[in-house]
Structures are given as C-alpha cells and as structure tokens.
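Enquirer: structure for the following, please:
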Amino acid sequence: MVSTQIEARGIRNPNVLRAMKKVLRHEFVPEEYASQAYEDKPLPIGSKQTISQPYIVALMTESIHPNSSMKVLEIGTGSGYQAAVLAEIVQEVYTIEIVPTLAHRAVNTIFRLGYKNIFLKEGDGYAGWKEKEPFDAVLVTCSPDHVPQPLVDQLKPGGIIIIPVGKLATGQNLILLQKKNGQLIQKKLIPVHFVPMTGKALKVGLAPKQPLFPEEPKGP
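Expert: Below is the predicted model:
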C-alpha cells in the first residue's frame, strides 16, 4: 500500500511513510471491510461516516510538516486511523468526534492499540478544544463550507490548518492555511470528497464573509 499508493504518488516525508507502514489500517475498519483495508479508497465505518483513503491521510499528515514536538488538533476522529498515524510522529494528538458511537469505538481502538499520546473527547469540533490551545496544526477530516473561526483562533503563529472546504454537490477542495503575521496564507491542495461537517457548522452562515481565495480572479 505505502509503496504503490502513497510513495508512488509523491509522499516523501520519511516519518509519514514510516507511520503509514506501522499503523495497520485493518484495525480501524469494520470486520466486513477488512479485506479491502489496504486499497486506496475510503470505506464505511458506520453512522454514514467513512475512513479516509490512505493517500489522503498521508497527504494531510505530510502537509503539516510533522515533528516530535508538535501538538495537533484533529476534528473528526472517525475510526481513529488519522489520529494514530499522527501519534506515531507528533508529541500529542487531541481529537474530537461528534458521533457518540464512533467516539466510543475509537476510544476502545486507541486504548487496545496502546496509544498514550492521543486524547479524545466527544463533542462538536467546530468549536475546537479551547482548553488545550494553542496547537501547532489542525487537521479537519470533514468538510464545512467555510473555515471555522475557533480553529483559526486556537492555532499558534506559524501553525497550519489542513481542511476540506465546500459541498459535495458543488465541489470541495483540500486547502492549507498558515497563520503568518496575523494573517492566513491560503493554498489549494487537491479536489476531494469528504463527509460534511455537522453540528454548529450547519447552523452558521452558509458562506464565508470574504472569499476563501481572494487572490484568485473570478472566471468569465
């Protein structure tokens, strides 16, 4: 999986490649999908949620330039797979899951696999985890139609947010935002398909007050 689906597609960070080899994806999928665990595709994990394809997990992880001193916030624990990959590299992972059944299952999986540096809570990830801020990086594994301001506020100067933004019906993009000198530097990575962010994200304004990419000219 790692050599043909991840490294072959341009992932080069040795720590990310090592983590992807070490974390066994079949531990995080329902038993009926275990035979497909190492295929490069998302898989159902229940409650209308999915585990992301391995390449996307590797890309998101590499994009934050992970190192052993970092504290990372993840929004959307799901199965716990992304958190486990991060935990193999960074110092601490704080992860939030809004679906109770998934949160409980992920806690059991993380405990069973012996991770001591993953901290999980059940709740609405839109608000982040203020008690544990600031974070070196934030990874969001569900798609709102705008970037939640609390996640920006809880990011350290120089920190990075990786987040899919948009709706399935109109298109989503995985974007990187870096906090520099009080501003957010924004970069599109790739088009993606993530489950929507629920909770407060569905109740807040439908669109950002300012364009997400103001530097890009509008089409004709």
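Enquirer: neighbouring strands for the lengthiest strand in the chain, and are they parallel or not?
Expert: Looking across the chain with DSSP state E, the single longest strand is strand 155-167. In the sheet, strand 155-167 lines up against strand 135-140 (parallel), strand 171-180 (antiparallel) (DSSP bridges).
Enquirer: flag the shaky bits of this protein, pLDDT-wise.
Expert: 205-220 (pLDDT under 70).
Enquirer: contact partners of the lengthiest helix in it?
Expert: If you go by DSSP state H, the chain has its longest helix at helix 100-112. Helix 100-112 is touched from outside by 27-28, 45-47, 49, 77-80, 83-84, 95, 97, 118, 120-122, with contacts defined as C-beta atoms under 8 Å, 6 or more residues apart in numbering. To be clear about C-beta, it is placed using only N, CA and C from the backbone, and glycine gets the same treatment.
Enquirer: hmm, which of those residues are the buried ones?
Expert: Among the contacts of helix 100-112, the ones that count as buried by 16 or more other C-beta atoms under 10 Å are 28, 45, 49, 77-80, 83-84, 95, 97, 118, 120, 122.
Enquirer: which residues sit in contact with T4?
Expert: With C-beta under 8 Å, 6+ apart, T4 has no contacts at all.
Enquirer: and the helix or strand following the longest helix of the chain, what does it pack against?
Expert: The C-terminal neighbour of helix 100-112 among helices and strands, as given by DSSP states H and E, is strand 118-122. With contacts taken as 3 or more C-beta pairs under 8 Å, 6 or more residues apart in numbering; DSSP states H and E, strand 118-122 sits against helix 81-87, strand 92-97, helix 100-112.
Enquirer: recalculate using a threshold of 6 Å.
Expert: strand 92-97, helix 100-112 (3 or more C-beta pairs under 6 Å, 6 or more residues apart in numbering; DSSP states H and E).
Enquirer: alpha carbons of the last one, as PDB, please.
Expert: C-alpha atoms of helix 100-112 as PDB (Å, rounded to 0.1, in the frame of the first residue of the first chain):
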ATOM      1  CA  PRO A 100     -21.100   9.100  20.100                       C
ATOM      2  CA  THR A 101     -20.900   5.600  18.700                       C
ATOM      3  CA  LEU A 102     -17.800   6.400  16.700                       C
ATOM      4  CA  ALA A 103     -16.200   8.200  19.600                       C
ATOM      5  CA  HIS A 104     -16.700   5.300  21.900                       C
ATOM      6  CA  ARG A 105     -15.400   2.800  19.300                       C
ATOM      7  CA  ALA A 106     -12.400   5.000  18.500                       C
ATOM      8  CA  VAL A 107     -11.500   5.200  22.300                       C
ATOM      9  CA  ASN A 108     -11.600   1.400  22.500                       C
ATOM     10  CA  THR A 109      -9.400   1.000  19.400                       C
ATOM     11  CA  ILE A 110      -6.900   3.600  20.600                       C
ATOM     12  CA  PHE A 111      -6.800   2.000  24.100                       C
ATOM     13  CA  ARG A 112      -6.400  -1.500  22.600                       C
END
